[in-house]
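Visitor: everything below, folded, please.
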Amino acid sequence: MLAGVCIVGCKSEDSSPKPAALPPAPAATVGQPEPAKAPEPVPQPAEAASEAVPDEPKAEDTVAGSIVLPKARKKDVKKGDTMFLIVRRGGGGPGPGMMLAVQKLTVEDFPMPFVLSERDAMIPGTKFSGELNLSVRVDKDGDPMTRRKGDVFGELIGVKVGAKDVSLPLDTLQKEDQVLGGGGPAGAAPHGGMPPHGGMPPGHP
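Guide: Here you go, the predicted structure:
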């Protein structure tokens, strides 16, 4: 009978450690997600975005200056008005020229400084070179396709790339309403009564 008790005791001792050996299995599963988190491609999008931003242009590749408001036009322009600064290719024949760049600004205190470069180009990669025609327009309704009576504009023809201290005046008053694309009044002269020149399209700033 003692031998029988020993046998039973041995069996109970052998069976008790076996369930105790089961916990290592969940421990192995806990460690599995860690290697899955190792690949983190977070820096890659940031690097790609930085490559898409053009480098800071050199001074010789820009046009810099100020938009000035003559005393006679001060009552026609107010802070907060929308203003468009346009760059077109200069030195060509008569007729519309190629629009290179545009800035949409908000009227502040005059003179208002500006810097134009290929960063403002409508088509990425467009280079500034040769002569450019600059124009500026205070657009009361903020719609680039309309020219409203009372808008103020100005332009400079043949500005060379690399020029500094350019003075672009807001000196001309739009005399009547006009819509681009042939929607203006019949016989209306572009630029509020000024003939087109320097590659500026009818009615464009």
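
Visitor: going by C-alpha atoms from here, please, whenever you check contacts or count neighbours.
Guide: OK.

Visitor: now the helices for this structure?
Guide: Under the criterion DSSP state H, the chain carries helices at the ranges 2-15, 17-20, 24-31, 33-37, 43-52, 190-193.

Visitor: mean pLDDT lowest where, among those?
Guide: Among the helices of the chain, helix 190-193 has the lowest mean pLDDT, at a mean of 38.

Visitor: first-to-last residue distance for stretch 68-88?
Guide: Separation of the first and last residues of stretch 68-88 by Cα to Cα, to the nearest Å is 20 Å.

Visitor: correct me if wrong: His120 contacts Val102.
Guide: Not His; residue 120 is Asp. Yes. Between Asp120 and Val102 there is a contact at 6.1 Å, judged by Cα atoms under 8 Å.

Visitor: which one's more surrounded, the two?
Guide: For Asp120 and Val102, the more surrounded residue by other Cα atoms under 10 Å is Val102, and the numbers stand at 20 against 16.

Visitor: so who does the more buried one touch?
Guide: By Cα atoms under 8 Å, 6 or more residues apart in numbering, the residues touching Val102 are 84-87, 120-122.

Visitor: same deal with Gly65?
Guide: Counted by Cα under 8 Å, 6+ apart, Gly65 has contacts 113-115, 164-168.

Visitor: let's go with 7 Å and repeat that
Guide: Gly65 makes contacts with 113-115, 164-167, as judged by Cα atoms under 7 Å, 6 or more residues apart in numbering.

Visitor: now the two most distant members of those.
Guide: Val115 and Ser167 (11.8 Å; Cα to Cα).

Visitor: so which of the two has more stuff around it?
Guide: A side-by-side neighbour count of Val115 and Ser167, using other Cα under 10 Å, places Ser167 first with 18 against 14.

Visitor: do I have it right that the more buried one meets Ile67?
Guide: Yes. Contact criterion Cα atoms under 7 Å: Ser167 and Ile67 qualify, at 6.0 Å.
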